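Novice: Just to be clear, the model below is a prediction. Sequence and coordinates:
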Amino acid sequence: MPFAFPSCPRALRRPLRTLLIAAVAVPLALPAAVHAQLPTLGDGSEMSAAAERRLGDRIARSLYRDPDFVDDPVLVEYIQTIWQSLMAAARARGEMSDELQERFAWEVLLGRDRTVNAFALPGGYLGVHAGLIAITASRDELASVLAHELSHVTQRHISRLMTQQSRSTPLMLAAMVMGALAASRSPQAANALIVGGTAVHAQGQLNFSRAMEREADRVGYGVMTGAGFDGQGFAGMFEKLQQASRINDNGSFPYLRSHPLTTERIADMRSRLPMAGLVPDTAGRAPDADPARAPSTAGVLPAINVTAAAMPGGLEHAMIAARARVVSRPGVDALRAWAGEPDQGGFKAQPPARQVVALYAGALASVQQRDLDHARRLAARLVPLVAGDARPARLARLLGAEIELTENRGAAAAASLAAPADKAAPAGRPELLYYAQASQHGSGARDVSDRLQTWVARNPRDATAWQLLATAYRADGQPLRALRAEAEAQVAHVDWQGAVDRYRAGQELMRAGGPGADYVEASIIDTRLREAELRLREEAAER
């Protein structure tokens with residue numbers, strides 16, 4: 001099931017329960033004839049793409065406000081790289097119509113939650129918990145989850161659920177009315193009618209959920225392999241989740257409750273793998289690794305698959321998974337264990353890949369504990385181990401900048417971001433955001449604003465970049481542009497009221513006059529204010 005409240009983050013469980021509990025929390029059954037239809041011939045949904053997007057915007061706004069929402073530049077960029085490849089494959093396969101591509105948000109939201117979960121939301125939003133990233137052994141396994149959730153969106157599963165609920169509710173109400181009429185003659189018959197109607201209703205929900213999961217599996221597998229990922233990641237992730245559900249059924253895997261695994265689904269994915277290649281250990285881990293330890297945060301890092309880490313991109317993913325474990329706030333004991341592991345006796349005898357991941361996680365854990373001297377020592381030990389691999393070397397370089405930024409040492413952070421001699425690791429969003437934080441004050445403010453302005457022109461939904469741009473504008477003596485940038489940051493998080501407040505503050509600043517007057521910027525603010533006020537009125541009309 002693509003959408004279930006027990007598996008959603010706290011922001012969905014709190015303010016949105018009354019909004020959506022009756023609308024999308026429970027999937028219902030469609031007639032068999034509808035199941036046989038291809039999505040391009042009619043998806044069985046009566047909700048328009050625009051209406052679904054508006055519903056998704058309201059949910060996303062609460063998620064953006066949730067304390068567990070995090071914009072970790074390194075993790076977000078890694079996820080986005082996979083996500084964009086999958087979207088391109090979906091378009092090439094014809095799974096994504098022009099209307100959906102234009103109207104939906106296609107945004108991935110990252111949560112700090114340690115639980116293993118991912119979920120699709122209305123309007124093209126996708127939520128991913130750090131705990132899910134932490135247990136994946138390869139990019140292919142992570143891509144399999146993203147492709148599955150992407151397929152829930154492209155196949156309009158959520159809107160189909162809501163449409164079918166509106167159709168089947170009168171049938172359940174009819175059973176209850178018949179039961180009430182029969183109560184005067186036979187209370188037993190009345191109870192039988194009511195319970196029977198409810199049972200049929202629930203069975204339909206279960207059947208439709210299973211049909212959707214199978215459809216998302218099949219479509220997701222095609223999208224994933226079409227994007228160049230190994231289909232073994234799908235079967236491997238299924239096996240890993242299935243074993244975890246048997247060995248460690250402690251509530252840490254809500255993904256299993258909203259996406260029930262069956263032997264049929266697993267067999268279907270395995271049957272799609274090319275027969276020419278033998279399938280290795282399907283969980284994608286070392287033979288002696290304990291699957292129950294994958295989500296654990298009680299001690300040292302779970303065993304790293306050194307063989308997988310030695311393959312192209314494998315070491316980078318192992319470092320990303322380690323970062324996700326630290327970002328998920330596992331607790332003081334786990335942070336201390338990870339920070340201290342590289343200092344234990346016999347550490348240098350471990351395989352180099354294992355050392356790299358442990359040093360990276362240990363340095364990040366030390367940063368979390370504000371032990372920056374220890375973090376620098378671990379980062380210095382990490383650098384020579386990754387010197388021959390561009391992508392891990394880039395992660396080490398970004399780590400050095402993070403350490404210096406934590407201590408507000410902007411010049412040292414900027415030095416850590418110096419362009420590498422190896423052009424195989426181009427600068428990206430993390431470098432830009434870290435550079436902006438390091439250089440946004442003083443003489444560097446103008447350069448920062450120029451770089452960020454170019455970035456947000458291509459990425460207008462990057463709220464963090466807009467907020468940093470606002471800071472740079474203020475430091476450069478451009479208050480009106482700063483207010484507009486703050487408003488655009490609110491727009492990126494679908495907070496129309498917050499955007500209206502900032503735009504109006506810009507208008508008041510212009511009316512007051514002064515050295516910060518910019519008539520071109522003021523004209524842009526007037527236009528954007530009208531757009532934001534229109535969205536506010538539309539939302540008010542739908543309540």
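Specialist: Yep, that arrived.
Novice: going forward, measure contacts between C-alpha atoms and count neighbours the same way
Specialist: OK.
Novice: does Ser449 really touch Tyr473, like I thought?
Specialist: Yes - contact criterion Cα atoms under 8 Å: Ser449 and Tyr473 qualify, at 6.5 Å.
Novice: which stretches of the stretch 301-450 of the chain have low pLDDT?
Specialist: 301-313, 419-426, 441-443 (pLDDT under 70).
Novice: what ranges do the helices span in it?
Specialist: Taking DSSP state H, counting those that start in this stretch, the helices of the stretch 301-450 of the chain run over residues 306-309, 314-327, 332-340, 352-368, 372-385, 390-406, 410-416, 429-439, 445-458.
Novice: same for the fourth one, what does it pack against?
Specialist: Judged by 3 or more Cα pairs under 8 Å, 6 or more residues apart in numbering; DSSP states H and E, the packing partners of helix 352-368 are helix 306-309, helix 314-327, helix 332-340, helix 372-385, helix 390-406.
Novice: If you compare the directions of the second one and helix 332-340, what angle comes out?
Specialist: To tie it back to what came earlier, the one meant is helix 314-327. Between helix 314-327 and helix 332-340, the angle comes out at 140 degrees (axes from the mean of the first three to the mean of the last three Cα atoms, to 10 degrees).
Novice: so where do the strands sit in the chain?
Specialist: For the chain, the strands defined by DSSP state E cover 107-111, 118-121, 125-129.
Novice: Enumerate the helices of the stretch 1-150 of the chain by residue range, in sequence order.
Specialist: 10-13, 17-20, 32-35, 49-65, 73-93, 98-103, 130-135, 139-154.
Novice: How much space separates the nearest residue to Arg93 once chain neighbours are set aside from Met96?
Specialist: Setting aside the residues directly before and after it, Arg93 is nearest to Val223 in space (Cα to Cα, 6 or more residues apart in numbering), at 7.4 Å. Distance of Val223 to Met96, given as Cα to Cα, to the nearest Å: 11 Å.
Novice: overlap in contacts of the two?
Specialist: Shared contacts of Val223 and Met96 (Cα atoms under 8 Å, 6 or more residues apart in numbering): Ala90.
Novice: which regions of this protein lie under the pLDDT threshold?
Specialist: Applying pLDDT under 70 to the chain picks out residues 1-46, 164-208, 244-262, 275-313, 419-426, 441-443, 514-516.
Novice: now with 80?
Specialist: Per-residue confidence for the chain (pLDDT under 80) gives these ranges: 1-46, 161-211, 241-266, 274-313, 418-427, 440-443, 514-517, 542-543.
Novice: With neighbour numbers in mind, choose between Val223 and Met96.
Specialist: Neighbours per residue, other Cα atoms under 10 Å: of Val223 and Met96, the larger number sits with Val223, 29 against 21.
Novice: Next, count neighbours for Leu432.
Specialist: For Leu432, the count of nearby residues is 18 (other Cα under 10 Å).
Novice: who touches it in this structure?
Specialist: Going by Cα under 8 Å, 6+ apart, Leu432 touches Arg451, Leu452.
Novice: That one and Ala334, how far apart?
Specialist: Leu432 is 31 Å from Ala334, by Cα to Cα.
Novice: Glu521 too?
Specialist: Distance, Glu521 to Ala334, using Cα to Cα: 49 Å.
Novice: just Gln101 next, same as before
Specialist: Counting by Cα to Cα, the gap from Gln101 to Ala334 is 42 Å.
Novice: Who has more neighbours out of the two?
Specialist: Legend: neighbour count by other Cα under 10 Å for Gln101 and Ala334, higher for Ala334 (20 against 15).
Novice: returning to that earlier point: save the helices and strands packed on helix 352-368 as TSV, and put in distance to His493 too.
Specialist: Compiled in TSV, the helices and strands packed on helix 352-368 are given as follows (distance: least, Cα to Cα, whole Å):
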stretch	distance to His493
helix 306-309	36
helix 314-327	21
helix 332-340	31
helix 372-385	32
helix 390-406	25
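Novice: and among those helices, the most buried is which?
Specialist: Neighbour counts (mean count of other Cα atoms under 10 Å) averaged over each of these peak at helix 314-327, with a mean of 26.
Novice: Let me know the angle separating that one from helix 139-154.
Specialist: For helix 314-327 against helix 139-154, the angle by the same axes, to 10 degrees is 70 degrees.
Novice: what about stretch 58-78, how long is it end to end?
Specialist: End-to-end distance of stretch 58-78: 26 Å, with Cα to Cα as the criterion.
Novice: can you pull the buried residues of it?
Specialist: By 16 or more other Cα atoms under 10 Å, the buried positions in stretch 58-78 come out as 58-64, 68-71, 73-76.
Novice: Ranking the strands of the chain by mean neighbour count, which comes first?
Specialist: Per residue and on average, the most neighbours among the strands of the chain fall to strand 118-121, with a mean of 27 (mean count of other Cα under 10 Å).
Novice: Met87 is nearest to which of the strands of the chain?
Specialist: Closest to Met87 of those is strand 107-111 (Cα to Cα; 11.1 Å).
Novice: circling back: so the residue nearest to Arg93 touches Leu86, yeah?
Specialist: Yes - here Val223 lies in contact with Leu86, judged by Cα under 8 Å, at a distance of 6.2 Å.
Novice: Find residues that contact each of the two.
Specialist: Both Val223 and Leu86 are contacted by Ala147, under the criterion Cα under 8 Å, 6+ apart.
Novice: so what's Arg214 closest to, chain neighbours aside?
Specialist: Arg214's closest residue in space is Arg265 (Cα to Cα, 6+ apart), at 6.7 Å.
Novice: how close does that neighbour sit to Arg139?
Specialist: Using Cα to Cα, we find Arg265 at a distance of 21 Å from Arg139.
Novice: contacting residues for the residue nearest to Arg93?
Specialist: Each residue near Val223 by Cα under 8 Å, 6+ apart is listed here: Leu86, Ala89, Ala90, Arg93, Ala147.
Novice: Could you find which two of those residues are furthest from each other?
Specialist: Pairwise distances across the contacts of Val223 peak at 13.0 Å for Arg93 and Ala147 (criterion: Cα to Cα).
Novice: Those two: which is more packed in?
Specialist: Legend: neighbour count by other Cα under 10 Å for Arg93 and Ala147, higher for Ala147 (31 against 13).
Novice: Nearest to Asp217, out of the helices and strands packed on helix 352-368?
Specialist: helix 314-327 (23.3 Å).
Novice: residues in contact with that closest one?
Specialist: Here helix 314-327 has contacts from 75, 112, 114, 130-131, 133-139, 297, 301, 304, 308-309, 335, 353, 356-357, 360-361, 364-365, 391-392, 395, using Cα under 8 Å, 6+ apart.
Novice: again, but for stretch 86-105
Specialist: By Cα under 8 Å, 6+ apart, the list of residues contacting stretch 86-105 from outside reads 49-50, 53, 123-125, 143, 147, 150, 154-155, 223-224, 226-227.
Novice: Enumerate the positions of that stretch that are buried.
Specialist: Neighbour-count burial for stretch 86-105, counted by 16+ other Cα under 10 Å, picks out Leu86, Met87, Ala89, Ala90, Glu95, Met96, Leu100, Arg103, Phe104, Ala105.
Novice: Next up, the contacts around Gly340.
Specialist: Neighbour list for Gly340: Gly362 [criterion: Cα under 8 Å, 6+ apart].
Novice: Then the one 3 residues further on?
Specialist: Applying Cα under 8 Å, 6+ apart, we find Asp343 in contact with no residue.
Novice: quick one: it from Arg160, how far?
Specialist: From Asp343 over to Arg160 (counting by Cα to Cα), the distance is 55 Å.
Novice: cool, and Ala334?
Specialist: Distance of Ala334 to Arg160, given as Cα to Cα: 43 Å.
Novice: Could you tell me how far Pro342 is located from Ala147?
Specialist: Pro342 sits 36 Å away from Ala147, going by Cα to Cα.
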